[in-house]
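Pasting a predicted model and its sequence here:
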Amino acid sequence: MSIAWQAFTPWSALGGGALIGLAATVLLSVNGRIAGISGILAGLLRAPGDRAWRFVFVAGLLLAPLVLHFFAPGVGVPPAVVGAPDARFLMLAGLLVGVGTRLANGCTSGHGVCGLARLSLRSLAAVAVFMGTAIVVVFVLRHGLAGAAA
Amino acid sequence: MSVSQMNEHAPLAAAAPATAGARALGLIGALASGLLFGVGLLLSGMTDPAKVLGFLDIFGAWDPSLALVMVGGITAARIGVMLIARRGASLSGLPVCLPPKRAIDVRLIVGSALFGAGWGLAGYCPGPAVVSLGFGSSSALALLVGMLVGLWGVPHSRPRR
């Protein structure tokens, strides 16, 4: 293991993270709801009523790049992905994300931020498992099984 | 009553229907929260799949930045958790809906493993995928198609009583 110091961006990561947590605090204290993105999206797709606040929240997510561009042009939008995986691969990855987060009742936001902030053991278990699996998948893709055996 | 006793399926204030004022406040809160959340994801680097994969690649040239996103996020979200625990009600008067306490079960573990696999394959978790669609990422669009099918296809789990 070596640390890529040239890629390390501690302040934007900490500041951006604090905004994410602040957003969760706003939704919880004003609306009484957990800011879990997968749950909010699933609620839009499946919940019989109570769609309005979910719709408005998702609209806020979609408008965020535009709003950020207005105040700070060029900040935040990552460079276009070089050698992006093809659409079928991305859809498969998305399907795993969708099915997995629904079975687990949460993703990086619901379990990783809100659940851990609530000191939930279930969320801690979820985070350990999804981080661990993601690390293994990236390892296999980047360094191969031959690297694992070495 | 403690926060943990509040239940998604039996909200505390369910008896009284939400007033128009409460609902309007709720919509403003949800819009502000969605915007803040999205801007936070953009600034933090979470919407850059290359950076996410660099964070997950702990055996390669590891970029630890995104661990700090979690530190900042959990710390700031803790404020809301303590606020709602102290007040026992939301600022708008809308019912507080928190996930009920449940055991760690197979569904949680299998689901988290599948989610982690998808996250590791492409570098997108749900929030950044939605935000990236907002700046016109075709990769995010393809991923979202699969993700919405998955979210739609799995029924919500009800806790057993």
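Yep, it's here. Residues are numbered from 1 along each chain as shown, chains lettered A, B, ... in the order given.

what about chain A, any weak spots by pLDDT?
Flagging of chain A using pLDDT under 70 yields the residue ranges A:81, A:146-150.

Can you find which helix in it contains the most residues?
helix A:121-149 (DSSP state H).

and if you look at chain B?
Per DSSP H, chain B has its longest helix at helix B:20-44.

Give the buried residues for the helix or strand just after it.
Next in sequence after helix B:20-44, counting helices and strands by DSSP states H and E, comes helix B:49-56. Using 16 or more other Cβ atoms under 10 Å in any protein chain shown as the test for burial, helix B:49-56 gives B:49, B:50, B:51, B:52, B:53, B:54, B:55, B:56. C-betas here are computed from N, CA, C, even on glycine.

got the contact list for helix B:49-56?
A:4, A:7, A:78, A:81, A:131, A:134-135, A:137-138, A:142, B:45-46, B:60-67, B:119-120, B:122-125, B:128, B:139 (Cβ atoms under 8 Å, 6 or more residues apart in numbering or on different chains).

among these, which are in helices?
Reading helices off these with DSSP H, I get A:131, A:134-135, A:137-138, A:142, B:65-67, B:119-120, B:122, B:128, B:139.

Now do the same contact list for residue 113.
This is for chain A. So residue A:113 contacts A:20, A:21, A:24, A:35, B:70, B:73, B:74, B:77 (Cβ under 8 Å, 6+ apart).

The intended chain is chain B.
Contacts of residue B:113 by Cβ under 8 Å, 6+ apart are A:100, A:129, A:130, A:133.

How are the helices of chain A distributed by residue range?
A:10-26, A:37-46, A:52-71, A:87-104, A:116-117, A:121-149.

can the fifth one be found next to chain B?
If I follow you right, that is helix A:116-117. Yes. Shown here: helix A:116-117 in contact with chain B (Cβ under 8 Å from any Cβ of the partner chain) through A:116, A:117.

For that helix, name the packing helices and strands.
When contacts are defined as 3 or more Cβ pairs under 8 Å, 6 or more residues apart in numbering or on different chains; DSSP states H and E, helix A:116-117 sits against helix A:121-149, helix B:65-87.

Pipe those into JSON lines and attach mean neighbour count and distance to residue B:100 per row.
Below are the helices and strands packed on helix A:116-117 laid out as JSON lines (neighbours: other Cβ atoms under 10 Å in any protein chain shown; distance: least, Cβ to Cβ, whole Å):
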{"stretch": "helix A:121-149", "mean neighbour count": "17", "distance to residue B:100": "10"}
{"stretch": "helix B:65-87", "mean neighbour count": "20", "distance to residue B:100": "15"}
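
Of all these, which one comes closest to residue A:31?
Closest to residue A:31 of the helices and strands packed on helix A:116-117 is helix B:65-87 (Cβ to Cβ; 10.3 Å).
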